[in-house]
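> with the sequence up front, the predicted model follows.
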Amino acid sequence: MTRIHEAGQMNTSGSASLGRHAGLISSQLIQHRERLLEPNKEKVLRPFSFKEACHYIGVNENSLRHTLRTNPALPQGTLLRGTRRYFEASEFHAIRDFLIENDRLESKNITRRQGGERSQVVSIVNLKGGAGKTSTAASVASALALRGYRVAVIDLDAQASTTQFCGIIPEREPDMLTLYDAIRYPDASDPEGTQRVNIREVIRETHIPNLSLIPSNMHIMEFEHETAVNDQKKFPFFVRVEEALAPIRDDFDVFLVDCPPQMSFAVIASLFASSGLLVPVTASFIDVMSLGTFLGMAGEMMSVLEGRQGARPYDWIKYLITRYNPTDQPQIQVASYLRSILEDAVMASEFYLSAAIADAANSAETIAEVDPSSFNRQTYQRAWDSVTRVVTEFEGLIHQSWGRDTNGA
């Protein structure tokens, strides 16, 4: 009997069918994403309202009005939609810099590293897919950048979702440099062309001021194959992310690493390079069980590495409950159960399940980037408040790592 395959194709090999489907999806996704980026073919950050500018600077509205009135050389924003004043992100960053230089900003709102404070490397990691790692990375990174931190987000996932959040379509740039090029092993058979590159050649600016990207694509999987065949005494895999970041550690305040849902060599190298871990988890017993398995695996891996390199303590490990519905009784029970086990290691704030956040993600945007007028006011405000609470708590962890007084922060 002849086997008939999809769309009338007969006796098509499995590899050919898979390749054909991959090509169809890839080409359509490129067209879809390019339509989202029209007419500029690249992401452009929206202007922000006066109230939003005050939020990101860390001042009240009367204080900002006084500052602008008494310092006419500062950016004054642009009148849009009648008499409403809007600011580009670069404009309220300039205002913040002015306030810092003139000692007119509260210390808790000074968002750059000071003195001997060391940049923080935070891996966002969980073995369970669908926990919200990428949306967490994108939301926290964009919000911190708008608050004035110099942020580098590192995409460690071959699916490159964070890369696409930042407006880069890997299929459009098949030869772009990625993290893989900065952590790859030397090839003795081709010493001219396959040495790892300096991370400065990889890092990309984004449409959000203060936010840079170290992109990813499918090439990152090569690191797994290469690690298996390379001499680990001579080229230990677990130090390669740390070594790659070394030249730019002083250029940034925070590095956020979006890890794939697997315990790969690259993920272990990221854990080894990190000063803190943020673990997104949904409030379901299945995901909590998976979390326990992941933590056991990660602990065993780190124990082996610490046996070779010495103890590598984290400044903090925090668990963030994501896609949370505060009216769903089973989720409330699981969240309470998780907090009873891990206590204050679980963040006090949750990322709410939100139609506004989900709709923004469909356009590869965070809640900070979308136009609030595109949503029902209450829906948008609920999402905004949820993200703001999480980012503010995360910001406190960064300041705590720097040894700052976080009271009232």
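Here it is on my side, so go on. Since the model is a prediction, treat every value here as computed from it, not as a measurement. Residues are numbered from 1 along each chain as shown.

> residues in contact with the spatially most central residue of the chain?
The centroid of the chain falls nearest to residue 137 when counting by Cα atoms, centre = their mean (2.4 Å). By Cβ atoms under 8 Å, 6 or more residues apart in numbering, the contact list for residue 137 reads 124, 153, 162, 256, 257, 258. The C-beta positions use only the backbone N, C-alpha and C, and glycine is treated the same way.

> check the gap between residue 295 and residue 333 for me.
Residue 295 sits 21 Å away from residue 333, going by Cβ to Cβ, to the nearest Å.

> I meant residue 382, not that one.
From residue 382 across to residue 333, the span is 22 Å (Cβ to Cβ).

> same question for residue 368.
31 Å.

> so between these two, which is more surrounded?
residue 368 (24 against 12; other Cβ atoms under 10 Å).

> surely that one is within a strand?
No - assessed with DSSP: H, G, I helix; E, B strand; the rest coil, residue 368 is coil; it does not lie in a strand.

> is it in contact with residue 138, as I believe?
No - counting by Cβ atoms under 8 Å, residue 368 does not reach residue 138; the two are 9.4 Å apart.

> need the pLDDT of residue 321.
pLDDT, residue 321: 96.

> and the one 3 residues further on, by the same measure?
Turning to residue 324, the model gives it a pLDDT of 94.

> leaving out chain neighbours, which residue sits closest to it?
Closest residue to residue 324 apart from its sequence neighbours, by Cβ to Cβ, 6 or more residues apart in numbering: residue 350 at 4.0 Å.

> out of the contacts of residue 137, which is most surrounded?
In the contacts of residue 137, the most neighbours by other Cβ under 10 Å go to residue 257, 31 neighbours.

> just confirm that one is within a strand.
Yes - assessed by three-state DSSP, residue 257 belongs to a strand.

> shouldn't it be in contact with residue 120?
No - the pair residue 257 and residue 120 does not pass the contact test of Cβ under 8 Å, sitting 11.0 Å apart.

> which parts of the chain are helices?
14-37, 50-57, 61-70, 89-101, 133-146, 161-165, 179-183, 221-229, 240-245, 265-273, 285-309, 329-342, 355-362, 377-401 (DSSP state H).

> out of those helices, flag the one nearest residue 205.
helix 133-146 (11.1 Å; Cβ to Cβ).

> could you check the angle helix 377-401 makes with the closest one?
80 degrees (axes from the mean of the first three to the mean of the last three Cα atoms, to 10 degrees).

> pLDDT of helix 133-146, averaged?
Here the average pLDDT along helix 133-146 is 95.

> can you report phi and psi for the residue nearest to residue 324?
phi -120, psi 150 (degrees, to the nearest 10).

> that one: what's it in contact with?
Applying Cβ under 8 Å, 6+ apart, the residues near residue 350 are 320, 321, 322, 324, 326, 335, 386, 390.

> could you dump those into JSON lines with distance to residue 63 and neighbour count added?
Listed next are the contacts of residue 350 as JSON lines, based on distance: Cβ to Cβ, whole Å; neighbours: other Cβ atoms under 10 Å:
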{"residue": "320", "distance to residue 63": "32", "neighbour count": "24"}
{"residue": "321", "distance to residue 63": "34", "neighbour count": "25"}
{"residue": "322", "distance to residue 63": "34", "neighbour count": "23"}
{"residue": "324", "distance to residue 63": "34", "neighbour count": "21"}
{"residue": "326", "distance to residue 63": "33", "neighbour count": "12"}
{"residue": "335", "distance to residue 63": "37", "neighbour count": "21"}
{"residue": "386", "distance to residue 63": "26", "neighbour count": "22"}
{"residue": "390", "distance to residue 63": "26", "neighbour count": "24"}
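
> count of neighbours near the closest residue to residue 263 other than its chain neighbours?
Among residues not flanking residue 263 along the chain, residue 297 sits closest, at 5.3 Å (Cβ to Cβ, 6+ apart). By the measure other Cβ under 10 Å, the count of residues near residue 297 is 13.

> try the one 4 residues further on
In terms of burial, residue 301 registers 17 neighbours under the definition other Cβ under 10 Å.

> measure it to residue 125 for me?
Remark: distance between residue 301 and residue 125 (Cβ to Cβ) = 12 Å.

> which residues are in contact with both of the two?
residue 271.

> which secondary structure element of the chain has the lowest mean pLDDT?
Lowest by mean pLDDT, DSSP states H and E among the helices and strands of the chain is helix 14-37, with a mean of 58.

> low-confidence ranges, the stretch 151-300 of the chain, go.
188-194 (pLDDT under 70).

> ok, now with 80
Along the stretch 151-300 of the chain, segments meeting pLDDT under 80 span 187-195.

> tell me the contacts of the residue nearest to residue 153 when sequence neighbours are not counted?
Distances taken as Cβ to Cβ, 6+ apart put residue 141 closest to residue 153, at 4.3 Å, once the chain neighbours are dropped. Listed by Cβ under 8 Å, 6+ apart, the contact set of residue 141 reads 151, 153, 211, 256.

> kindly report the same for residue 199.
Residue 199 sits in contact with 182, 214, 244, 245, 247, 248, where contact means Cβ under 8 Å, 6+ apart.

> and if we set it to 10 Å?
152, 154, 177, 179, 181-183, 214, 241, 243-249, 251 (Cβ atoms under 10 Å, 6 or more residues apart in numbering).

> before we move on, back to that, the residue nearest to the centre of the chain and residue 163: what is the separation?
From residue 137 to residue 163 the distance is 11 Å (Cβ to Cβ).

> between the two, which contacts overlap?
153, 155, 157, 258.

> how long is stretch 300-319 end to end?
End-to-end distance for stretch 300-319: 19 Å, by Cα to Cα, to the nearest Å.

> one more: stretch 212-231?
Stretch 212-231: ends 33 Å apart by Cα to Cα.

> count the residues that sit near residue 87.
Around residue 87 there are 24 residues (other Cβ under 10 Å).

> confidence score at it?
pLDDT for residue 87: 96.

> and for the one 3 residues further on?
At residue 90 the predicted local distance difference test score is 96.

> thinking it is in contact with residue 148, fair?
No - in this structure residue 90 lies outside contact range of residue 148 using Cβ atoms under 10 Å: 11.5 Å.
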